[in-house]
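*Asks:* give the three-dimensional model of this entry:
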Amino acid sequence: MNTLYELFGDIFYQFIDPKKRIFIFYLFASFLIAFLWLFFNKRLGIKKSLTKIFNPKIFYSQSSKSDYKIFVFNQIIMFFISPILITQLTIATFLFYYFHSISWLNAGMFASVAVTFIAIIFTIIHFILDDFSKYVVHRLMHKWHILWALHKVHHSATSLTPMTVFRTHPLEGVLFSLRSAIVQAITISSFVFLFGSNVDLVTVLGANIFVFLFNILGSNLRHSHIGIRYWKWLEHLLISPAQHHVHHSILKNHHDKNFGAAFAIWDWMFGSLHHSEDTDKLVLGIEKNPSIKAHTLTTLYFKPLVEIYKIISKKIFKLKKYFQKNNILRRI
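*Replies:* Down below sits the predicted model:
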């Protein structure tokens, strides 16, 4: 009974935890930004702006209903898997002791630096490293066939709502949990080693101040039907909601573009930047006319596993043929 209570507590706590993206205050901030954009920029008027924001065709679409179900099921799955995953403490401890073996480094060599300065630098570096790692992993998700089989679950969404961010295969969720653990372990262990125990995040409501700003300035609009665009110069630095909508487009010239989470600078540096377009008529998903089963939980959870099995089987078959052709097994 306690386990069930904790499980449902974890699910609904997402909406009241300032560290979570769908914290109710962040959702309200996104709604306010969307309303102001439609009212002042699109000149739709109050009623039309509200009607567009709360469009039932979006929130009650088959795609969105799947998002809600996956959100709950993935929370249940991760509730039981998380305890067995490698933690940031494990990685951080290993790195901390590894740093002691490097002759030109000394523990606490910068311990005399002002605590405020340490906190500010730590917060900045952690956010930048975290965002860059998201870019790298996201790009790999598109480039490596096995990972793409998993990531297609997210891109199969044909409607975007703030809940679409949770539309991921559980195995992708595990990979991103490991990514987060590794990034946190690297920053924490290196800063504690160099600056001593005076390491802490600069926070607002308990969240990293940059994460707080990212969320309060409309992070949830990246997965929405409101295509807010930034000035072109700013879209070289920050990913606009409309840029992320382009990332979800089925058009070929939009494929493998705008991998960034917060910063667009990574896409700019590595040639995957695409500026925003008018997204009102943009078709989202991975195919123009998806089948009726495309949004079923059976398809979303098990089709990627079947696809991965086929990819691995094909690789093994090619490897066997190569060995047979070159008589490698006989030589061994």
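*Asks:* ok, which stretches of the protein are strands?
*Replies:* Applying DSSP state E to the chain gives strands spanning 203-204, 207-208.
*Asks:* need these in TSV (columns: mean neighbour count and mean pLDDT).
*Replies:* No exception for glycine: its C-beta is placed from N, CA and C like everyone else's. Listed next are the strands of the chain as TSV, based on neighbours: other Cβ atoms under 10 Å; pLDDT from 0 to 100:
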stretch	mean neighbour count	mean pLDDT
strand 203-204	14	89
strand 207-208	20	89
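*Asks:* only the buried residues of stretch 24-39, if you could.
*Replies:* Y26, A29, S30, F31, I33, A34, F35, W37, L38 (16 or more other Cβ atoms under 10 Å).
*Asks:* the bottom helix or strand of this protein by mean pLDDT?
*Replies:* Scoring the helices and strands of the chain by mean pLDDT, DSSP states H and E places helix 328-331 at the bottom, with a mean of 56.
*Asks:* got the contact list for L44?
*Replies:* Contact analysis of L44 by Cβ atoms under 8 Å, 6 or more residues apart in numbering lists L38, K52.
*Asks:* make it 6 Å
*Replies:* The contact partners of L44, by Cβ atoms under 6 Å, 6 or more residues apart in numbering, come to L38.
*Asks:* if we can go back for a sec, and of the strands of the chain, who's closest to L221?
*Replies:* strand 207-208 (18.2 Å; Cβ to Cβ).
*Asks:* tell me what the closest one is packed against?
*Replies:* Counting contacts by 3 or more Cβ pairs under 6 Å, 6 or more residues apart in numbering; DSSP states H and E, strand 207-208 is packed against no other helix or strand.
*Asks:* okay, now the sheet partners of that strand, with direction.
*Replies:* Sheet partners assigned to strand 207-208 using DSSP bridges are listed as strand 203-204 (antiparallel).
*Asks:* now do the same contact list for H151.
*Replies:* M141 are the contacts of H151 under Cβ under 6 Å, 6+ apart.
*Asks:* mind running it again at 8 Å?
*Replies:* So H151 contacts M141, H142, T168, H169, E172 (Cβ under 8 Å, 6+ apart).
*Asks:* next one: H142
*Replies:* Taking Cβ under 8 Å, 6+ apart as the test, what H142 contacts is W148, H151, D256, F259.
*Asks:* so, low pLDDT: which residues of the stretch 1-150 of the chain?
*Replies:* Applying pLDDT under 70 to the stretch 1-150 of the chain flags the ranges 1-5, 7, 84, 86.
*Asks:* ranges for the helices of it?
*Replies:* 2-13, 24-36, 46-53, 56-59, 62-81, 88-100, 115-143, 145-155 (DSSP state H, counting those that start in this stretch).
*Asks:* what's the closest of those to G218?
*Replies:* helix 24-36 (4.5 Å).
*Asks:* surely V113 touches F195?
*Replies:* Yes. Contact criterion Cβ atoms under 8 Å: V113 and F195 qualify, at 6.1 Å.
*Asks:* these two: which is more packed in?
*Replies:* F195 (22 against 14; other Cβ atoms under 10 Å).
*Asks:* residues near the residue lying closest to W266 once chain neighbours are set aside, how many?
*Replies:* Nearest residue to W266, sequence neighbours excluded (Cβ to Cβ, 6 or more residues apart in numbering): Y135, at 4.1 Å. Neighbours of Y135 under the rule other Cβ under 10 Å: 23.
*Asks:* what are the ranges of the helices in the stretch 151-300 of the chain?
*Replies:* 170-195, 209-216, 241-247, 265-269, 297-325.
*Asks:* and of these, who's closest to F73?
*Replies:* helix 297-325 (6.9 Å).
*Asks:* and the closest one, which residues are buried?
*Replies:* For helix 297-325, by 16+ other Cβ under 10 Å, it's T299, L300, Y301, K303, P304, E307, I308.
*Asks:* quick one, it and helix 62-81 angle?
*Replies:* 70 degrees (axes from the mean of the first three to the mean of the last three Cα atoms, to 10 degrees).
*Asks:* that's all I had, so thanks and see you.
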